[in-house]
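Novice: Build the 3D model from these lines:
(chains A and B, ligands or ions: 2)
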Amino acid sequence: MSGVPFVVIDHDRGVVGDDTRQALAFARACFPELPIAAVVIGGEQPEPIAGADSTFHIRHAALDDYAPEAWGDALHELAVAQSPSAIVATGTERGNEVLAHVAAIADQPFAANVIEAAPGDPPGTPWRIRRLRWGGSLLEDARLDATLPILSCALHVFPNVLPNAAPDRDREARPGAAVVEFVPNLGPDAGRTRIVDRVQVAEGITLTTAPVVVSGGRGVGSEEGFAAIEALAELLGAAVGCSRVVTNQGWRPHADQVGQTGKRVAPDLYIACGISGAIQHWVGMQAAKNVLAINTDPDAPMVTKADYAVIGDLHEIVPAIVDEIRRRRG
Amino acid sequence: MSGLRILVCVKRVPAPGAQITLTPDARAVDARNLAFTTSPHEECAVEAALQLVEAHGGDITVLTVGPPEAEEQLRFSVSVGVQHAVLVSNDEMAAGDDPDPQATARTIADTVRTLEAEGDPFDVLLFGNESADSGGFQVGVRVARMLGIPIVNGIKGIDLADGVLTARREGDAGFEVYRMALPAAVGVKEGINLPRYPTLPGRLRSKKAEVRSIASTTEPGGLTMVRFATPTVELSETVLLGAGASAAAAVVDLLGELGLA
Ligand SMILES: Cc1cc2nc3c(=O)[nH]c(=O)nc-3n(C[C@H](O)[C@H](O)[C@H](O)COP(=O)(O)OP(=O)(O)OC[C@H]3O[C@@H](n4cnc5c(N)ncnc54)[C@H](O)[C@@H]3O)c2cc1C
Ligand SMILES: Nc1ncnc2c1ncn2[C@@H]1O[C@H](COP(=O)(O)O)[C@@H](O)[C@H]1O
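Specialist: Ligands and ions are numbered 1, 2, ... in the order given. Now for the predicted structure:
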């Protein structure tokens, strides 16, 4: 494959997600010398994608809303026509899903959640990549031996900023680098997996955007035990989180779970009450700026890894903090 | 329809605690002191299958591509109510390596064809959204493509009526709804349900259950693991704010310093 690398643009009905820029930065890091082609699958004709050297728009009625199989089929058709040197996307749910489909159709390997990649040198030899396993708790160095290399970059590893133009091109001199339209011949089955409806759910303070998260683990002991944690969260404008033990016990809904198979949070402060700090929990909150652990066990990994700790029974400590805040606020 | 025939694909993975330790050659997780489990998303896939069969009748086959020890995870599935268990070993798995996702998918697709040749076709194939250890986000998609059936990943809700499977996936502000005619495949995410625990009779049944063993040879795929590494974690010195309720004042001082209270 010799053509320009493709970056698949993650968008929802034309609204491009910020995370998609990470794939542009990733492609630029892999191919410092090559122009990069953004690929917008479906929807109305887009504006040229900033940060890419050219933009393909794949247009077809079956692609209007997200449709994983059809998006994969359409992208594969464009790849057959253009022979890209690689296809990359940001490792969002949709990014990984569309790339998996392309890889399956082309029977090519697919490396998900890559954090470093060096294309084969000379071209045609295997790539050397480093990717995340275990939700980020383990790194894997691997060889990617592909005629069409397909890779997603791990979320939030590459910067969310527009990459520089390839050195040999002057971006300003190419006003509105035209959008090239491509119409695929999708088969009759193409539309069989697609969004047929959307159900809106109103949300208050969300776990992933709250500046403070007060989280409880097995140490909370019961569903009722979360009352004090909720009271503290309420005072701080915080969201309530929990560990997997808590959701498995049915004390909190899974939507509150933080970790590898739960949500990723990055608050200013994460207060971990009665959570031991298993690695699968830690990967979900390691991006927190500050961690305060409240735990009976001074040797719990959550305590030794935290920035701040209080040792003791959370059932005494959390209510005392609530009282102290109320007292100072008068 | 005279009941559903469901296949669930599960993977045996170690359950590391506070850190992952590697073997000296860095080609595997040192699992000598670790328990093993089924990937969480797949535990939920098993539960989803049980609920579908409770509502619509039918039976469930659980399948793993793995080492002989993976029988433990298959028997666990039987203990919660799954009827049939199939353990497939391929060459890489036998050598103790985690196989490439292309090879795993080929192995699963071949096995599905074998099982379907002996009996009825499967109506529903369930996978996890991603395996806990490898996190490849692809084996289910590859298998569905090889078998020519539709698949949607990331599913947190399943309903079935009149041969049509409705699947819900979490989006930014709610749920996306997908609808597929059977046969169909789904990649399930934890949170779709709360997996049940085995009952005592279930445990007894699982001890006696037959686990069918199938050997398979497939071409390796193009993603080859070279070695593992553990990420460096930046650790700060922990500041002890005190012990017990009397530490509350120090905590609230801290909240003030951070501009949060
Ligand atoms: C593949 C896989 C994926 C996983 N994904 C996730 C995930 O997404 N999220 C997640 O959280 N886990 C996940 N886990 C589970 C994880 O390994 C741990 O089992 C879990 O995080 C432990 O939860 P915990 O800290 O609440 O419980 P425990 O590990 O039992 O810890 C309880 C802690 O509370 C302390 N404590 C007890 N009583 C009190 C008290 N009165 N006051 C103060 N402290 C007290 C104890 O000292 C201890 O440190 C996953 C596991 C696997 C294998
Ligand atoms: N060795 C395996 N045996 C059975 N099923 C597997 C295996 N590996 C992956 N799967 C299934 O495919 C899904 C996606 O895996 P992966 O592509 O590795 O993220 C998993 O959640 C499982 O349902």
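Novice: show me where the stretch 151-300 of chain A has helices.
Specialist: Along the stretch 151-300 of chain A, counting by DSSP state H, counting those that start in this stretch, helices occupy A:226-236, A:244-248, A:279-285.
Novice: same thing with the stretch 51-200 of chain B?
Specialist: B:71-79, B:91-94, B:101-118, B:139-147, B:200-208.
Novice: Next, see if the fourth one gets close to chain A.
Specialist: Spelled out, it's helix B:139-147. Yes - against chain A, helix B:139-147 shows contacts by CB under 8 Å from any CB of the partner chain at B:141, B:142, B:144, B:145, B:146. The way it works is simple: take the backbone N, C-alpha and C, and place the C-beta from them, glycine included.
Novice: Could you say which of the helices of the stretch 51-200 of chain B is packed most deeply?
Specialist: Comparing those by mean neighbour count (mean count of other CB atoms under 10 Å in any protein chain shown), helix B:139-147 ranks first with a mean of 26.
Novice: Dump that helix to CSV, keeping only the CA atoms.
Specialist: C-alpha atoms of helix B:139-147 as CSV (Å, rounded to 0.1, in the frame of the first residue of the first chain):
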residue,chain,number,x,y,z
VAL,B,139,-12.8,-11.0,17.9
GLY,B,140,-16.6,-10.8,17.9
VAL,B,141,-16.7,-8.6,14.9
ARG,B,142,-14.3,-10.9,13.0
VAL,B,143,-16.4,-14.0,13.9
ALA,B,144,-19.6,-12.4,12.9
ARG,B,145,-18.1,-11.2,9.6
MET,B,146,-16.8,-14.7,8.9
LEU,B,147,-20.2,-16.2,9.5
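Novice: Just want the angle from it to helix B:101-118.
Specialist: Relative orientation of helix B:139-147 versus helix B:101-118 (axes from the mean of the first three to the mean of the last three CA atoms, to 10 degrees): 50 degrees.
Novice: is ligand 2 contacted by stretch B:119-127?
Specialist: Yes - Stretch B:119-127 is in contact with ligand 2 by CB under 6 Å from any ligand atom, via residue B:127.
Novice: How about the residues of chain A by ligand 1?
Specialist: Counting by CB under 6 Å from any ligand atom, the positions of chain A adjacent to ligand 1 are A:217-219, A:243-245, A:257-262, A:274-276, A:278, A:280-281, A:284, A:294-297, A:300, A:313-315.
Novice: typed the wrong thing, it's chain B
Specialist: Residues of chain B lying near ligand 1 (CB under 6 Å from any ligand atom): B:15, B:37, B:39, B:40, B:132.
Novice: Mind checking which of those residues are buried?
Specialist: Buried members of these, scored by 16 or more other CB atoms under 10 Å in any protein chain shown, are B:37, B:39, B:40, B:132.
Novice: Quick check: phi and psi at the nearest residue to residue A:178 once chain neighbours are set aside.
Specialist: Distance criterion CB to CB, 6 or more residues apart in numbering or on different chains; nearest residue to residue A:178, sequence neighbours excluded, is residue A:48 at 7.3 Å. In terms of degrees, to the nearest 10, the main-chain angles of residue A:48 are phi -60, psi 140.
Novice: How about the one 10 residues further on?
Specialist: Comment: the main-chain dihedrals of residue A:58 come out as phi -90, psi 120, following degrees, to the nearest 10.
Novice: which residues pair with it across the strands?
Specialist: Under DSSP bridges, the beta-bridge partners of residue A:58 are residue A:41, residue A:182.
Novice: what's it in contact with, if anything?
Specialist: Residue A:58 makes contacts with A:39, A:40, A:41, A:42, A:74, A:75, A:77, A:78, A:182, A:183, A:184, as judged by CB atoms under 8 Å, 6 or more residues apart in numbering or on different chains.
Novice: Need the residues you listed in JSON lines (columns: neighbour count and pLDDT).
Specialist: Output for these, formatted as JSON lines (neighbours: other CB atoms under 10 Å in any protein chain shown; pLDDT from 0 to 100):
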{"residue": "A:39", "neighbour count": "27", "pLDDT": "98"}
{"residue": "A:40", "neighbour count": "26", "pLDDT": "97"}
{"residue": "A:41", "neighbour count": "27", "pLDDT": "98"}
{"residue": "A:42", "neighbour count": "23", "pLDDT": "96"}
{"residue": "A:74", "neighbour count": "28", "pLDDT": "98"}
{"residue": "A:75", "neighbour count": "29", "pLDDT": "98"}
{"residue": "A:77", "neighbour count": "18", "pLDDT": "98"}
{"residue": "A:78", "neighbour count": "22", "pLDDT": "98"}
{"residue": "A:182", "neighbour count": "17", "pLDDT": "97"}
{"residue": "A:183", "neighbour count": "11", "pLDDT": "97"}
{"residue": "A:184", "neighbour count": "21", "pLDDT": "97"}
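Novice: would a markdown table of the buried ones among the residues of chain B next to ligand 1 with distance to residue A:305 and secondary structure be doable?
Specialist: Converted to a markdown table, these look like this (distance: CB to CB, whole Å; DSSP: H, G, I helix; E, B strand; the rest coil):
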| residue | distance to residue A:305 | secondary structure |
| --- | --- | --- |
| B:37 | 23 | strand |
| B:39 | 25 | coil |
| B:40 | 22 | helix |
| B:132 | 21 | coil |
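Novice: and ligand 2, which of those reach it?
Specialist: Residues of those in contact with ligand 2 (CB under 6 Å from any ligand atom): residue B:39.
Novice: so which of the buried ones among the residues of chain B next to ligand 1 comes closest to ligand 2?
Specialist: The nearest member of these to ligand 2, counting by CB to the nearest ligand atom, is residue B:39 at 5.4 Å.
Novice: tally of neighbours for residue B:43?
Specialist: Other residues near residue B:43 come to 27 when the count uses other CB atoms under 10 Å in any protein chain shown.
Novice: do you know how far the residue nearest to residue A:178 is from ligand 1?
Specialist: Using CB to the nearest ligand atom, to the nearest Å, residue A:48 is found at 39 Å from ligand 1.
Novice: Check residue A:289 too.
Specialist: Distance of residue A:289 to ligand 1, computed by CB to the nearest ligand atom: 20 Å.
Novice: Verify the contact between that residue and residue A:265 for me.
Specialist: No - using CB atoms under 8 Å, residue A:289 makes no contact with residue A:265, being 11.1 Å away.
Novice: Tell me which of the two has more neighbours.
Specialist: Per other CB under 10 Å, whichever of residue A:289 and residue A:265 has more neighbours is residue A:265, with 22 against 12.
Novice: was I right about that one contacting residue A:284?
Specialist: Yes - contact criterion CB under 8 Å: residue A:265 and residue A:284 qualify, at 6.4 Å.
Novice: which residues do these two both contact?
Specialist: Contacts common to residue A:265 and residue A:284, judged by CB under 8 Å, 6+ apart, are residue A:258.
Novice: residue boundaries of the strands in the stretch 151-261 of chain B?
Specialist: With strands called from DSSP state E, counting those that start in this stretch, the stretch 151-261 of chain B shows them at B:151-161, B:164-170, B:174-181, B:184-188, B:211-216, B:223-229, B:239-243.
Novice: So which elements touch the first one?
Specialist: Using 3 or more CB pairs under 8 Å, 6 or more residues apart in numbering or on different chains; DSSP states H and E as the contact criterion, the secondary-structure elements in contact with strand B:151-161 are helix A:68-82, helix A:93-106, helix B:40-56, strand B:124-128, helix B:139-147, strand B:164-170, strand B:174-181, strand B:184-188.
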